[in-house]
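Asker: For reference, the sequence and a predicted model appear below.
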Amino acid sequence: MLHYFRRGALTGVAAAAALAVGLAVSTPAAQAETTLRVVPHSGLKILDPIWTTAYITRNHGYMIYDTLFTLDPDGNIQPQMVDEVTTSDDGLTVTMTLRDGLKWHDGADVTAEDTVASIERWASKDAMGQKMMQFVDSLEATDAKTMTFNLNTATGLIQLALAKPSSNVPFMMPARIAATPGDEQIEEYIGSGPFMFNNEEWEPGTKVVYEKFDDYVPRDEPTNGLAGAKVAKVDRVEWTPIRDIQQAVNAITAGEVDIIESVPPDLLPILNDGGEAYTMVYNPSGLQYTFRYNVLHPPFDNPAVRQALLYAFNQEDFLQAAIGDENYFQTCKAMFVCGLPFETDAHMDGLLESNFAKAREILQEAGYDGTPVVLMHSTNLPILTNLAPVAKDLMEAVGLNVDMQSMDWSTLVARRSKKDAPADGGWNAFLTAWDAGDLFNPLAMAFLNSGCDKALFGWPCDEQIEKLRDDFARAGSFDEQKQIVEALQARWVEYPTHIHLGQFNTPTALRNDVKGMLEAGVPVFWNISKGE
Amino acid sequence: MAAVDQSPFRQTLGRVFSNTSVLIGGGLALVIVLIGLLAPYLDTRDPAGISPANRNKPPGFETTVRDYDTGQKIPVTYRMGSDTLGRDIYSRVVYGARTSLIVGVSVAAIAIFLGTLIGLLAGYFRWADGIIMRIMDGMMAIPAILLAIAVVSLFSAGLLSVIIAIVVSEIPRVVRLVRSVVLSIREEPYVEAAITAGTPTPTLLMRHVLPNTLAPLIVQGTFIVASAIIVEAILSFLGIGIPPDIPTWGNIMAEGRQVFQLHPHNILYPGAILGLTVLAVNILGDGLRDTMDPRFSKRV
Amino acid sequence: MLSYLIKRILATIPVMLFVAVFIFLLLRLTPGDPAAMLAGDFANDAQIAEIRAKLGLDEPLWKQFGLWISDMLRFELGESFYYKKEVSELILSRIEPTLSLSLLTIIFTVLIAVPLGTIAAYKQGSWMDRGIMGFSVLGFSLPVFVIGYGLIYVFSVQLGWLPVQGYARIADGVGEWLYRLILPAIALSVIFVAFIARMTRTSVLEVLGEDYIRTARAKGQTESRVLMRHALRNAAVPIVTVIGLAIAILIGGVVVTESVFTIPGLGLLTVEAVLNRDFPTIQAVILFFSVVYVLINLAVDVSYTLLDPRIRY
């Protein structure tokens, strides 16, 4: 009876609905506006890409802002807003000219004054920016389109830093907005990128709307990842996060959304059954899972106890548990990411192979006394949820006491900045993931920063690592840099700051009529067309 | 005659144990209790033991896992399949019975203890009645699950906070029940006689009032067990109950949500046993109500 | 009757007051700084101080309550720190799905439960009666999310007839709206069908024993007419009371059902608020649901004085 009822009721209603929809669609529109409906990996709540390192805010930055330089997919520095760079013979004066036709979304011209202010604000926040500024005696706008850097030492770091592709990206903003102190959030969202931010339709965490910026002048070079021409091929981009990723997958099959930024490989069979969408990987270098210690408190204040984990862990278990599909992960012993220039597995022999006997031996020598490890377990991000239980399992296998505490990610983020003892609301360890774009060299890799109080949460404190990072910034050649990277890995084995647990990709799903998503390392929405 | 030495208590007991609902419901409930108690002996493995290589396997999957201490491969069967961490759903479901029963029984015990105390106060002392009952009305005006959610949101997730939250939402019903019993008992001639005879209040309450609340409270207690088990499962399922590393039926289902379309076993097995448990307790409750407490045969 | 109505309406005021006090105290009396809790995990000291000032946390408790209740009465429910939006706005935008789901559930329930209960009563003791009552115990025992997933598994995953999850606004077409709400509404109505079928059976049984039914039968009226005209009509009073009680379960059920089917209503809002420790929203949503609940019960009481003029107080 129920069966009949449902079918009967449905077919009738559905037919009526189809009729109504058909009528609505057949109304001729003057010019069809194309809207790209995107399910981002999380909701956008903070709009200042210099204030936060959150990837969703970085991605927002790429929509509405432009950058002076960028890295192409091969890792080469390419100009974006900059037209020409000249360096004096002694290497101490670097002059950059902006290219013609650059406009802010409010119609004003982009000037060198704007870009100088933007660089200064970024450098006040970003670790690599701070490093860069150590080489800069003065930075001035010498005319409307020209910036001049006066350096104290010749360095290649200026362009490399300004081409930084991931958080924090040196995005360019009008001078009046860039005048906001770095520890306060900006309140006006005007850039010079290919899309404009629609302030009226913004619902924090729920919906973001971007519109094509008609006055954007793309570069002449062909599009190549983040480099070359940025051509917006749709009129409107909407970001609407869907909390339940399974529902998002059903929605793309039903044609309700066009792109899902990140689909857990577990759900690909549903997507494939639907037949309405395909997948691609916009970030071939992927992300790296990372285990972070807090060196302030026992037992991880003892480097030997930290070292024991280098033996206890193996990457396969983490990758299997969290990703599960071998097409989308790869074990990699190189700290600086397999497939990127500084890949090397020097000094990594025997590590990350779950050699429990060796790990136990080290723990015993280190005099581990059974102090529990407070391991923070974030439970609401599918991409991270399964990591902590694996870490707990492996730590317990070598005799560590583990107190795994479950919490949502935002609680974890708040708690990880607390230096208190674990018993008083602090912590010993947690796991996260970093974009390869944030790991490509020792200066970019934030977890390697061992500047004690100035280091990121976990607060490693080691003069040798700091010295090597400084040497890297000053190194003149790639070979020299590569040697420093190997030396860093050697020091890291003695003084571990974090553990890399393997690389992974998450596939992006696109409806079959959506084409042109770039392998840019970050999700960018220019060059994407929809329909036909 | 033989019937002469049959006390009313024995008669009730006889009625109770010859009632079909009591036998069926009680029998089923007993089986679940035994499952919970004997969990380690029911061919289970460590319910928290993960095995990343064996994730999302279907029910009946056979494989080998490596023992960390000996390094040997041990053959294992995933009777009800595995979850996204390769944990054994069967073992988790069996151990989950413990959590459900602990929550159900402790909530019923605490709610009845506190509720009886407050109910006696309200029913016996006129001055307390007005205030207490207005407070209970106010609490009952907040739907039970929302009340539990509100209380649980204030504490960090844990077994204790879940129990407290459910107790808070169950108390008003017990108070109402006890109060109504007390009010009706007060009017009985023998109680009035006792009052006139100058029996001290505590003795009066213990002697005459409390015994009369026993039968309805046992019935009500059974229903509280059922409802506490459901609310605990709901809270855990919503991700705001017991921490996810403790196996509870609600947690197992919550973890299975994301892959439900592909691997429905994570949700269907614990769901089925949860339903069965609540069903057993409810049938038992119905039977007890019909046999022990015909006067209060409506759900409060 | 008018005086009764006025009395009944006045009686809800102390109840509402206690609800308000309870929800107010819930946050104030817990360990920790309520301003810090309301401000959320990312607030800086200045923001906390601002909230502290706004709530008047340095004032005596009764004054704070006055401030709070006057805000609530003006529907100024504060700003959600998670969504960075007025909570009142959030609630308004989430009402439609919840209301849709609830109404459809009630319709399904009445359409299924009342006939089932009546049949059970009419054929008392038969296999149909026993079957219906057995189903009733079962329906009462299965948590709504178990039923929900069972239905999804059969009708969406296996048969592919209905969508797994999601909601369509009624403005986007009634067909799509109904198509997406059928499963959630059925899942949610099972417990009410169980509950109300039982109550209908009891009250119809009582009524069937009354003299006027025998009279009607003796007068030669058809059985269906007897049932419809007399029995059901007189059984309506207890049924309506039960529906009032059932609203509490409905509100709880909505929270769970919306979570299972990802319907962006007030229930999902509640769960998200708790998961994000969004206290302004938690407070407001619970207060809102409680007010609705009390008002519905008031309406139920009032309506049965109207339904049955014999009831006088």
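Answerer: Sure, I can see it.

Asker: can you tell me if the strand or helix carrying C:F288 touches chain B.
Answerer: C:F288 is part of helix C:279-307 when elements are defined by DSSP states H and E. Yes. Using CB under 8 Å from any CB of the partner chain, helix C:279-307 reaches chain B at C:F279, C:I282, C:I286, C:F289, C:S290, C:Y293, C:V294. Backbone N, C-alpha and C define where each C-beta goes, glycine included.

Asker: which bits of the stretch 51-200 of chain C sit near chain A?
Answerer: So the stretch 51-200 of chain C meets chain A at C:82-85, C:155, C:161-166, C:173-176, C:178-179, C:182 (CB under 8 Å from any CB).

Asker: Of those residues, which are in range of chain B?
Answerer: Of those, the ones that also sit near chain B (CB under 8 Å from any CB) are C:V164.

Asker: Mark which of the residues of the stretch 51-200 of chain C next to chain A are part of strands, please.
Answerer: C:K85 (DSSP state E).

Asker: In ChimeraX, how would I select the buried members of the residues of the stretch 51-200 of chain C next to chain A?
Answerer: To isolate the buried members of these in ChimeraX, using 16 or more other CB atoms under 10 Å in any protein chain shown:
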select /C:82,83,85,155,162,163,164,165,166,173,175,176,178,179,182
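
Asker: Next, count neighbours for C:A11.
Answerer: By other CB atoms under 10 Å in any protein chain shown, 12 other residues sit near C:A11.

Asker: Got phi/psi on it?
Answerer: phi -70, psi -20 (degrees, to the nearest 10).

Asker: Now do it, the pLDDT please.
Answerer: Looking at C:A11, its pLDDT reads 78.

Asker: before we move on, what about A:E466?
Answerer: So A:E466 comes in at 92 (pLDDT).

Asker: Now for it, how many residues are close by?
Answerer: With other CB under 10 Å as criterion, A:E466 counts 18.

Asker: How about the contacts made by it?
Answerer: When contacts are counted by CB atoms under 8 Å, 6 or more residues apart in numbering or on different chains, A:E466 touches A:S450, A:G451.

Asker: That one looks like it's in a helix, true?
Answerer: Yes. Under DSSP: H, G, I helix; E, B strand; the rest coil, A:E466 sits within a helix.

Asker: Next, work out how far apart it and B:R66 are.
Answerer: 40 Å (CB to CB, to the nearest Å).

Asker: could the residues of helix C:279-307 next to chain B go into CSV alongside neighbour count?
Answerer: Below are the residues of helix C:279-307 next to chain B laid out as CSV (neighbours: other CB atoms under 10 Å in any protein chain shown):
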residue, neighbour count
C:F279, 23
C:I282, 26
C:I286, 23
C:F289, 25
C:S290, 26
C:Y293, 21
C:V294, 21
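
Asker: can you give me the helices in the stretch 101-250 of chain C?
Answerer: C:127-141, C:144-151, C:174-208, C:211-218, C:223-225, C:233-260 (DSSP state H, counting those that start in this stretch).

Asker: Would you format those as CSV with mean pLDDT included?
Answerer: Shown next, in CSV, are these (pLDDT from 0 to 100):
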stretch, mean pLDDT
helix C:127-141, 85
helix C:144-151, 87
helix C:174-208, 85
helix C:211-218, 72
helix C:223-225, 71
helix C:233-260, 76
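
Asker: Just name whatever secondary elements the helix holding C:F288 is in contact with.
Answerer: helix B:144-154, helix C:2-28, helix C:34-39, strand C:79-80, helix C:87-122, helix C:233-260, helix C:266-275 (3 or more CB pairs under 8 Å, 6 or more residues apart in numbering or on different chains; DSSP states H and E).

Asker: can you rerun that using 6 Å?
Answerer: Judged by 3 or more CB pairs under 6 Å, 6 or more residues apart in numbering or on different chains; DSSP states H and E, helix C:279-307 is in contact with helix B:144-154, helix C:2-28, helix C:87-122, helix C:233-260, helix C:266-275.

Asker: Near chain B, which residues of chain A are found?
Answerer: Counting by CB under 6 Å from any CB of the partner chain, chain A comes close to chain B at A:246, A:266, A:269-270, A:317, A:320-321, A:324, A:379, A:386, A:389, A:393, A:397, A:404, A:406.

Asker: Redo the helices of the stretch 101-250 of chain C as CSV? Include distance to A:N250.
Answerer: Output for those, formatted as CSV (distance: least, CB to CB, whole Å):
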stretch, distance to A:N250
helix C:127-141, 28
helix C:144-151, 15
helix C:174-208, 11
helix C:211-218, 52
helix C:223-225, 45
helix C:233-260, 14
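
Asker: Among the ones you listed, which comes closest to C:K63?
Answerer: With respect to C:K63, and counting by CB to CB, the nearest of those is helix C:233-260 at 31.6 Å.

Asker: which two in the residues of helix C:279-307 next to chain B are spaced the farthest apart?
Answerer: Longest span within those, CB to CB: C:F279 and C:V294, 22.3 Å.

Asker: Would you enumerate the residues in contact with A:F69?
Answerer: A:I77, A:P79, A:Q80, A:Q159, A:L162, A:A163 (CB atoms under 6 Å, 6 or more residues apart in numbering or on different chains).

Asker: Now do the contacts for the first one.
Answerer: Read it as A:I77. A:F69, A:Q159, A:A163.

Asker: State the number of residues packed around the second one.
Answerer: Read it as A:Q159. If we define neighbours as other CB under 10 Å, then A:Q159 has 19 of them.

Asker: Can you verify it is assigned to a helix?
Answerer: Yes. Per three-state DSSP, A:Q159 lies within a helix segment.

Asker: I am finished for the moment; much appreciated.
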